[in-house]
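Novice: Return a 3D structure for these sequence lines:
(chains A, B and C)
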Amino acid sequence: MRLTRFLLRRTAQGILVVWGVITLVFLLRFITPGSTIDFVAPLDASPELRQRLAEDLGLNKPIYVQYADYIVNLLQLDMGNSLLKGRPASDVIFARLPATLELAIAATIVAILFSIPLGVISATRRHQPVDYGATGFSLIGISTPNFWLGIMLILIVGVNLGWLPTSRRIIGFGPALELLIFEGRTIGIQVWFEHILLPSITLGTYFTALITRLTRNGMLEELGQSYVEVTRAKGLPETLVKYKHVLRNTMIPIITVLGLQMGTLIGGAVITESVFNWPGLGTLIIDAINSRDWPLIQGSLIVIGVGFVVINIVVDALYMYFNPQVTFE
Amino acid sequence: MNWQRVWRSLRAEFGRSPMAKLGVVLILAVFLMAIFAPFLATTNPKAQDLSRANEPPVGFTDTTEDTRLVDGERQTVTVTTRGTLEYPLGTNQLGQDMYSRLLYGARTSLLVGLLGTAIAALAGVSVGIVAGYYGGRVDDGLMRFADVMLAFPALVLAIALIGLLGPRAVDIPDPFVAAGLVSDMPETTVLPLTVTLVVALVNWVWFARVARGEALSVREKNYVKASRSLGASDRRLMLKHVLPNSLTPILVLATVQVAVIILLESALSFLGFSGTTLSWGFDISQGRDLLATSWWISTMPGLAIVVTVIGINLVGDWLRDALDPDIEGESGGGMG
Amino acid sequence: MEQPDDSDIERRGFLKFVGATSASAATMAMAGCTGDDEEELENGDDGGNGDGGNGDGGNGDDGGNGDGGNGDDGGNGDSNGDDGGNGDSNGDENGNGDMDEPFEITMTQRQHPTTLDPHNHRETPTDNVVLHSYEGILWRGPEGEIIESLATEWEVVEDNRHRFTIRDDVQFHDGSSLEPSDCAFTIRRIVDPEVGGLESPQRDQLAGTTGAEVVDGERAIDMLSGGPNPMAFQNIASYAHVVSEDWISERDNEEIAVEMNGTGPYRLADYEPEEYVRLEKFEDYWGEEPDVDRVEIIAAAEDSTRVSQLLAGETDIISAVPPNDAGRIESDDSLGIADIGSTRILMCPMVYNEEPFDSVEFRQAMNYAIDLDQMIDEILRGFGVPTSQPTLPGYNGHNSDLEPYPYDPDEAESLVEQSGYAGAELELEYPAGRYLLNDELAQAAAGFIDDLENVSCEAVSRDFGTLAGELLDGDLSTTPSFYNIGWGNTTFDASQTLTPFLTEGTAIYHYRSDEMEQLKEQWQVETNADEREQILQEANQLAHDEAVWVFLNREWLVYGINGRIDWDPRQDEYFLAQGMNQA
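Specialist: Sure thing, here's the model as predicted:
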């Protein structure tokens, strides 16, 4: 099976990438000043107490021993204990993961929902007001720092108009859904939606703008190609032509870009979460970095690395779907 | 590389595209603002006047419930302030002039954007060309490393690296002040060195990918094969043939990267990792806790970033449309 | 908030409601549905919640004034009729500890607790949770004075032997009764890594203490020290919260971090790390029964989040109100501001052996250069007072003869000239966002210094992690020569500030002089309280004259508080439900 072989190969590569991430974080860990111990130990701790606390936490073993220990434990799915919270890092991370996933997915949905129709309309109504509007929007969208966009949304929609809450995530999607299904109450979903709306717009705007641009440019290129003329001559209704053939070919560069932009999405999530006080992985990482909680930093980055690899495999599979001629070499 | 042809197509596209003209105008404006900041500024951007803190922009009136010391006792008072021409864009919580800070902030953004991009391009192109030209194991190794870098959120890497390097900064003397043309303005412009290096370190991968792609294709061209069979050295081939052919896409990428790096710099400043207090991102973060009372502190520098980045993106579009290079992932990097 | 719009009510109702559902597994539903009396709230029951019941509940926002009395009604809405009834009855009984109506409050602080183990942390947010359940052998009044707690008497037996007589009427939450051995165990658990399976970060807080033992035949313990220990009672009043020896011994540290078994007025009802802690009244508490029946403690790091929670009625008390929001809160009829000076001072230490700070004149000039009064008025909006010395008024060793350095830029410039360091270029490094508006304060201080004709100064933002690393590595050469830091002193004794900063050999000292070293020798061993106070006052005088720091303000504790609660804040930053009453 070509697909199976491809997946195996990509998985192997993915593991290599994740291993690289782990190693890189470890290197960073040992060259970064500001020891974890400064956070665990009180400001006025004696050198002796600091020493013993460090020993207690295993912080003064040689780097390679810590590295080997870490890899061995990781193979048993043990990421170690968060130094500050004293709980398993994996518990802390997986408690935060749903919030980030919700945000990322919501942002992606916002992006796809608006961008592709906008791009298509813009391309088919070239040089009409709607086209100018769409290009203008996408230009501003890719040029706006998302933390500032978030602040402006908070200022206008949250503070001045008072329409939506300014921050926090009161209920997760899971519990909200349970409430709906088992008790028939919509309030959970409603509150969840109110709280996620501004963050997902903040995070999604850049991607909406980017995909709108790509869709428009791709469509324009594809519309100029002759097979569209041929299909149209065969008498297919206009809209079908647009969507089925042109869009399919346009999707290829879009998917490529999206795959490459995953890092951006995660980075954007970090800062969006920070602006909206969203209890996800992003705020966790910033807190962890600020307090040098390395098991937590490492764990989070591994989870992100795995996510990145998985998404890229999915992207490649989609690639295959949209463009069966592609070979994976 | 036919520079004349490049120039012609650039000119032709410029003539056709109103957006390209707008982009150039915006960029020129920002550059002029940055360069001549000491002349355009009305107040020293660092000079504080606590008694004039949190004044709104001219034309706005601001009324807040506030607590103040009245005869040594703290009382709740209603404070009404009216914006004045002296501080056309208002003042921040230290009574510094937002307009002058905006001008000087442009210096920081452009310095970091241009220098960071240059370093990233230099490093990325070198790695990319070597990888693409030699192929094989060298290529595999370098590209897997690039994958690791991509799997690492740029913002997170940047934060970690800044922690590692510390917020070093270089003071660049202001030539106008040094020449005695203006007084009462900062004598130096601070270049946040760590941030510049970090944004370069985080973004070199995109250049490496593009350069590698170009090198791969150029390598197979007949004239390169011919030169090689004639005994040209690898170094000469890379410099003479591979590099010039990669320039167009790299130029387009670099333009976009300037925008990306400006955004990243502002994000880092926003999160408190800058090396200077004269930065748009820094001002946005300062205003964030005052949103409910002093909206202008965050709003103005944000608008400045948007306008600057729009200008750069328009110029990038112009270059791309004119030169039509084949780049994957058009605005590589994105913010953060 | 006169006419809360629907969304406010909805949100408030929902918050309570979410609490109810997530707590449904626990024995009680904390969420604050005041409508149902003794019966435990079941999920099905509060069906009307959220949607139907809320409309009328609006009176909740009127808080403590007016007829509604009970702000909590707003969140509820078991049924409309009930709600109205509750409101009325509360109105009548306003202010008397209503027995039928659970009084429930939500408190929002900046950070979540990192553990529930009272001996395995050094943070106020964690104390704010665990001190509801764990009590000290001694305790402090709101002004910092030592008062009795689990011990009724305390005395010095010998210089190195301090005796505490322990109550005999105290129960732990698990039903076992408090024995003196538990108190001795507690002290040993902190100071001895071999006891209680813990390397306690509080060990240095009991510096000098070597152990504790039960006094034969008496309900008393002796705390043992290596030598004279003038700080013994001060330390015990601030640390050593008593745990049950049996309970601790049966559990590993992971369990101790998420459960509580103390003697305090509240016991743990439900704990979700990083989300909330819920506490309920402990019925068999030995002391005075508190007014508040149930407490929920949540956290929000962003200032604006806490403020909007308070304004929306989602919480009853928030800590660390940003001064520029205080006016807004105070002008809301149902809300108020409660404030008090904290135990923390802000300062900018200068390293004594680095140019230009090796000159006393230069250091003094830095103090004359800044207009501290204006900074407090404009930046802190009046929340703060200037300091003149390392020790706060009311503390043992405070020297009341000292005045803060006045603002006198001319004097500053001439002192700089005298010091021979005219033209100095300084950088003031501050930990970003670490203390109340310390970014702005540090920037303003740097701005004032920069305003001097013969000095330039720039404020540099650092992240606390790296800065702390440089301060704490015990190497003075890596310490920034001029930095901003805050320092809390919860023992109310000058030495806890003077020793670490101004005497040689500690991790963060930045100043040494023979004079100060001699004074230290004395204050560490002097057991006569008056003599010792004299010594500490002398040391403060020296610190002032030597201008060891740029003295900034005493940090202020600013709380936003719903009018239905009556509470006087404490200096030590604790906000504990046992001190709160129904207004």
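Novice: lowest-pLDDT helix or strand in chain C?
Specialist: Ranked by mean pLDDT, DSSP states H and E, the weakest helix or strand in chain C is helix C:80-92, scoring a mean of 36.
Novice: Go through the helix or strand where B:Thr194 lies and flag the buried ones.
Specialist: Assigned by DSSP states H and E, B:Thr194 falls within helix B:193-219. Applying a neighbour-count criterion of 16 or more other C-beta atoms under 10 Å in any protein chain shown, one finds B:193-216, B:218-219 buried in helix B:193-219. Every residue, glycine included, has its C-beta placed from N, CA and C.
Novice: ok, now stretch C:565-572?
Specialist: C:565, C:567, C:569-572.
Novice: next one: stretch A:124-139
Specialist: For stretch A:124-139, the neighbour count (16+ other C-beta under 10 Å) marks A:124, A:131, A:134-135, A:137-139 as buried.
Novice: what do you get for stretch B:105-124?
Specialist: B:105-117, B:119-121, B:123-124.
Novice: before we move on, what about stretch C:373-382?
Specialist: Going by neighbour count (16+ other C-beta under 10 Å), the buried part of stretch C:373-382 is C:373-382.
Novice: go on, stretch A:99-114?
Specialist: A:99-100, A:102-104, A:106-108, A:110-112, A:114.
Novice: Likewise for stretch C:161-176?
Specialist: Within stretch C:161-176, the residues that count as buried by 16+ other C-beta under 10 Å are C:161-167, C:170, C:172-173.
Novice: any idea of the mean pLDDT in it?
Specialist: Stretch C:161-176 shows a mean pLDDT of 93.
Novice: Stretch C:481-492 too?
Specialist: For stretch C:481-492, the per-residue pLDDT averages 88.
Novice: Which parts of the stretch 151-300 of chain B are strands?
Specialist: In the stretch 151-300 of chain B, the segments counted as strands under DSSP state E, counting those that start in this stretch are B:169-173, B:188-192.
Novice: Of all the ones you listed, which one is nearest A:Ile181?
Specialist: Proximity to A:Ile181 (C-beta to C-beta) singles out strand B:188-192 among those, at 51.9 Å.
Novice: That closest one: partners in the sheet, and parallel or antiparallel?
Specialist: In the sheet, strand B:188-192 lines up against strand B:169-173 (antiparallel) (DSSP bridges).
Novice: Please name the residues that touch residue 282.
Specialist: No chain in the question, so chain A it is. By C-beta atoms under 8 Å, 6 or more residues apart in numbering or on different chains, the contact set of A:Gly282 is A:100, A:266, A:269-274.
Novice: That was the other one, I meant chain C.
Specialist: Applying C-beta under 8 Å, 6+ apart, one finds that C:Phe282 lies in contact with C:133, C:173, C:264-267.
Novice: now the helices: where do they sit in the stretch 101-250 of chain B?
Specialist: Applying DSSP state H, counting those that start in this stretch to the stretch 101-250 of chain B gives helices spanning B:136-151, B:154-165, B:175-178, B:193-219, B:222-229, B:234-237, B:243-270.
Novice: How about the secondary structure of A:Arg169?
Specialist: Per DSSP: H, G, I helix; E, B strand; the rest coil, the local secondary structure of A:Arg169 is coil.
Novice: Just the pLDDT at it, thanks.
Specialist: As predicted, A:Arg169 sits at a pLDDT of 74.
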